[in-house]
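**Q** Kindly generate the corresponding structure for this input.
(one chain, ligands or ions: 1)
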Amino acid sequence: MERSELSSDDDEEQPRTLAEQLATIVSGQRLRVLIVGGGIAGATLAAALQRHDITAAILERSVDPEADGYMLGLIPLGGNVLHALGLWDAYARESVPIHAYALHDGTGALIRHYPLASITDRFGDWRGVERGRLLDLLLDRVAPVVRGGTVASFMPVAHGLAVTFSDDSTERFDVVIGADGMGSHLRDLLLQVGDISVFDTGWGGYVAWAHADGLDLDVYREAWGPGFGMGMYPVPGRVGLFLGGPNHALSTRSLGEAAHDLRQHLIYGPFARALDQLERNQPAFYWRMADVRADHWVEGRVALLGDAGAGFLPTAGVGASAAMEAAYELAQRLASTKSAGVLDALLAFEARERPRVEQLQRSSRWIGRFMFVESKTLTWARDHAMQHVGLDTVLSDVEQIMSTARLSLRHHA
Ligand SMILES: Cc1cc2nc3c(=O)[nH]c(=O)nc-3n(C[C@H](O)[C@H](O)[C@H](O)COP(=O)(O)OP(=O)(O)OC[C@H]3O[C@@H](n4cnc5c(N)ncnc54)[C@H](O)[C@@H]3O)c2cc1C
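**A** As a prediction, the model looks like this:
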């Protein structure tokens with residue numbers, strides 16, 4: 001028989017709507033949970049719900065699972081969530097332990113080397129991992145992510161929400177979680193303009209990769225000069241780079257030009273080496289250093305989670321861990337409720353997590369004030385002051401949050 005006879009147009013399966021795909025996943029679940037956004041927060045929530053035998057549906061806008069493949073440093077807050085999810089061993093294999101933070105001046109000369117033992121001895125490992133690898137771990141035991149769509153609108157119906165998707169299909173859920181990141185569309189659907197505030201540093205930079213050859217894989221290094229900065233963040237086998245500066249000077253430069261400019265300043269050590277071996281034609285993205293905050297996270301049966309509720313500057317390296325802790329907490333609340341109790345569960349989640357996440361967000365903003373400096377005099381004064389400032393001072397909020405975490409296990413490779 002000819003192949004064409006086997007597959008006539010009539011026999012071809014119609015593509016299923018988003019609603020049909022998502023409904024299949026939540027069919028028969030005691031709580032019908034829709035998670036919008038399959039990033040760190042959404043994936044952690046799905047993994048944590050699955051531990052309670054609730055299979056949630058994730059709807060992700062991006063078609064490419066490898067999109068946004070950048071480096072992440074997880075403080076113990078995030079690592080301890082992975083342990084609670086039974087993912088510690090796989091995480092340890094996919095990540096590198098970070099033992100120190102090294103602060104350099106605008107030439108690349110070392111200002112101060114901060115061992116992280118004072119934190120890791122008390123709270124657990126600090127590790128570097130690729131975002132894509134972390135997502136693979138979190139999504140390994142949950143239902144497949146439904147890709148290539150988003151939510152267009154939702155409205156309350158008896159005992160739930162009727163959600164309409166970008167392909168015009170509609171389905172009912174008990175609860176919808178907006179975990180769609182810093183530029184959250186769910187946040188715009190849920191809140192008024194006046195409920196949302198943006199904090200813009202005016203800086204930004206390129207995120208790119210360098211070969212690990214000759215670079216150390218257990219130290220975070222940053223160099224800050226007047227009007228420029230560079231960071232090096234290892235993961236297994238390579239090092240994530242951040243090449244930063246004020247948007248007015250940098251955003252019109254290409255990655256290669258930015259690297260060339262920085263190389264004129266950073267003449268010493270690992271920074272010079274990394275810039276020399278940076279592949280200048282690689283795909284890199286320009287990241288504007290602005291964050292966003294929603295003044296509340298819950299309305300009816302919809303809640304914001306992760307960067308959608310409080311986005312993060314990268315300055316303290318805590319956004320992903322904050323999102324993971326909040327996702328874990330939300331899963332505990334949802335797992336112990338029925339459909340009728342969803343609003344109370346969401347409000348209890350917000351009451352516990354929003355102050356904690358906002359404290360970390362404030363701390364990230366405060367640290368940014370010392371990094372994003374254009375004046376030579378202030379840069380000089382900052383560099384001298386930092387010789388006498390301990391890590392405990394810089395990370396006091398982060399330590400306070402870790403010391404009051406519900407998951408306070410300690411893990412070391
Ligand atoms: C370059 C870079 C480096 C960083 N480094 C660190 C670090 O070292 N340590 C740290 O703790 N944090 C770091 N962060 C911050 C951290 O990545 C975020 O705080 C964390 O990812 C927040 O998780 P999230 O799930 O809320 O957002 P994301 O992980 O951004 O996920 C949001 C998801 O929603 C999807 N989406 C967006 N819009 C829609 C829509 N309309 N419908 C459906 N899906 C949608 C996106 O495609 C994405 O997959 C870094 C961020 C960046 C950009």
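
**Q** in the helix or strand containing I25, what counts as buried?
**A** With secondary structure defined by DSSP states H and E, I25 is part of helix 18-26. Across helix 18-26, burial judged by 16 or more other C-beta atoms under 10 Å covers L18, A19, Q21, L22, A23, I25, V26. No exception for glycine: its C-beta is placed from N, CA and C like everyone else's.

**Q** Ok, stretch 178-187 next?
**A** Those would be G178, A179, D180, G181, M182, S184, H185, L186, R187, for stretch 178-187 by 16+ other C-beta under 10 Å.

**Q** Of those, which belong to strands?
**A** Counted as lying in strands by DSSP state E, out of the buried residues of stretch 178-187, are G178.

**Q** Run through the buried residues of stretch 178-187 and flag the ones next to the ligand.
**A** A179, D180, G181, H185 (C-beta under 6 Å from any ligand atom).

**Q** can you pull the contacts of the closest residue to F165 other than its chain neighbours?
**A** Nearest residue to F165 in three dimensions, chain neighbours excluded: L18, at 4.1 Å (C-beta to C-beta, 6 or more residues apart in numbering). Going by C-beta atoms under 8 Å, 6 or more residues apart in numbering, L18 touches L59, V146, G149, F165, S166, D167, S169.

**Q** Just send the residues you listed back as a markdown table, with secondary structure, distance to L334 and neighbour count too.
**A** A markdown table is the format used below for those (DSSP: H, G, I helix; E, B strand; the rest coil; distance: C-beta to C-beta, whole Å; neighbours: other C-beta atoms under 10 Å):
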| residue | secondary structure | distance to L334 | neighbour count |
| --- | --- | --- | --- |
| L59 | strand | 17 | 27 |
| V146 | strand | 19 | 21 |
| G149 | coil | 23 | 20 |
| F165 | strand | 22 | 23 |
| S166 | coil | 25 | 14 |
| D167 | coil | 27 | 15 |
| S169 | coil | 24 | 18 |
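
**Q** What about the ligand: which of those touch it?
**A** Taking C-beta under 6 Å from any ligand atom as the test, the ligand is in contact with L59 out of the contacts of L18.

**Q** can you put the contacts of L18 in a markdown table and add pLDDT?
**A** Output for the contacts of L18, formatted as a markdown table (pLDDT from 0 to 100):
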| residue | pLDDT |
| --- | --- |
| L59 | 98 |
| V146 | 97 |
| G149 | 97 |
| F165 | 98 |
| S166 | 98 |
| D167 | 97 |
| S169 | 98 |
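
**Q** quick check, nearest of the contacts of L18 to the ligand?
**A** L59 (5.7 Å; C-beta to the nearest ligand atom).

**Q** Which positions in the chain make contact with the ligand?
**A** Residues of the chain lying near the ligand (C-beta under 6 Å from any ligand atom): 36-42, 59-62, 70, 72-73, 150, 179-181, 185, 207, 287, 306-308, 312, 314, 317-321, 323.

**Q** taking the residues you listed one by one, which sit in helices?
**A** I40, A41, G42, H185, G319, A320, S321, A323 (DSSP state H).

**Q** For the ligand, state which of the residues you listed is nearest.
**A** Nearest to the ligand among those, with distances taken as C-beta to the nearest ligand atom, is G319, at 2.4 Å.

**Q** So what's the residue count around the closest one?
**A** 26 (other C-beta atoms under 10 Å).

**Q** which stretch of helix or strand covers A162?
**A** strand 160-165.

**Q** quick one, that strand and helix 18-26 angle?
**A** 130 degrees (axes from the mean of the first three to the mean of the last three C-alpha atoms, to 10 degrees).

**Q** so what does strand 160-165 touch, helix or strand wise?
**A** Packing contacts for strand 160-165, counted by 3 or more C-beta pairs under 8 Å, 6 or more residues apart in numbering; DSSP states H and E, involve helix 18-26, strand 151-157, strand 170-173, strand 175-178.

**Q** Which strands border it, and is each parallel or antiparallel?
**A** strand 151-157 (antiparallel), strand 170-173 (antiparallel) (DSSP bridges).

**Q** Generate CSV for those strands, with mean neighbour count as supplementary columns.
**A** Compiled in CSV, those are given as follows (neighbours: other C-beta atoms under 10 Å):
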stretch, mean neighbour count
strand 151-157, 15
strand 170-173, 20
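
**Q** Tabulate those (TSV), appending distance to D392 and mean pLDDT.
**A** Output for those, formatted as TSV (distance: least, C-beta to C-beta, whole Å; pLDDT from 0 to 100):
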stretch	distance to D392	mean pLDDT
strand 151-157	43	96
strand 170-173	44	98
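
**Q** Do a quick rundown of the helices in the stretch 201-350 of the chain.
**A** Using DSSP state H, counting those that start in this stretch, the helices found in the stretch 201-350 of the chain span residues 247-250, 255-265, 269-276, 319-335, 342-371.

**Q** Would you mind finding the most buried of those?
**A** helix 319-335 (a mean of 26; mean count of other C-beta atoms under 10 Å).

**Q** tell me what it is packed against?
**A** With contacts taken as 3+ C-beta pairs under 8 Å, 6+ apart, helix 319-335 sits against helix 40-51, strand 71-74, helix 76-84, helix 342-371.

**Q** As CSV, could you dump the C-alpha coordinates of it?
**A** Below are the C-alpha coordinates for helix 319-335, written out as CSV (Å, rounded to 0.1, in the frame of the first residue of the first chain):
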residue,chain,number,x,y,z
GLY,A,319,15.7,35.7,43.0
ALA,A,320,15.5,32.0,42.0
SER,A,321,15.9,30.8,45.5
ALA,A,322,13.2,33.2,46.7
ALA,A,323,10.9,31.9,44.0
MET,A,324,11.6,28.3,44.9
GLU,A,325,10.9,28.9,48.6
ALA,A,326,7.6,30.6,47.8
ALA,A,327,6.6,27.9,45.4
TYR,A,328,7.3,25.2,48.0
GLU,A,329,5.2,27.1,50.6
LEU,A,330,2.4,27.6,48.1
ALA,A,331,2.3,23.9,47.3
GLN,A,332,2.0,23.0,51.0
ARG,A,333,-0.9,25.4,51.3
LEU,A,334,-2.7,24.1,48.2
ALA,A,335,-2.1,20.5,49.0
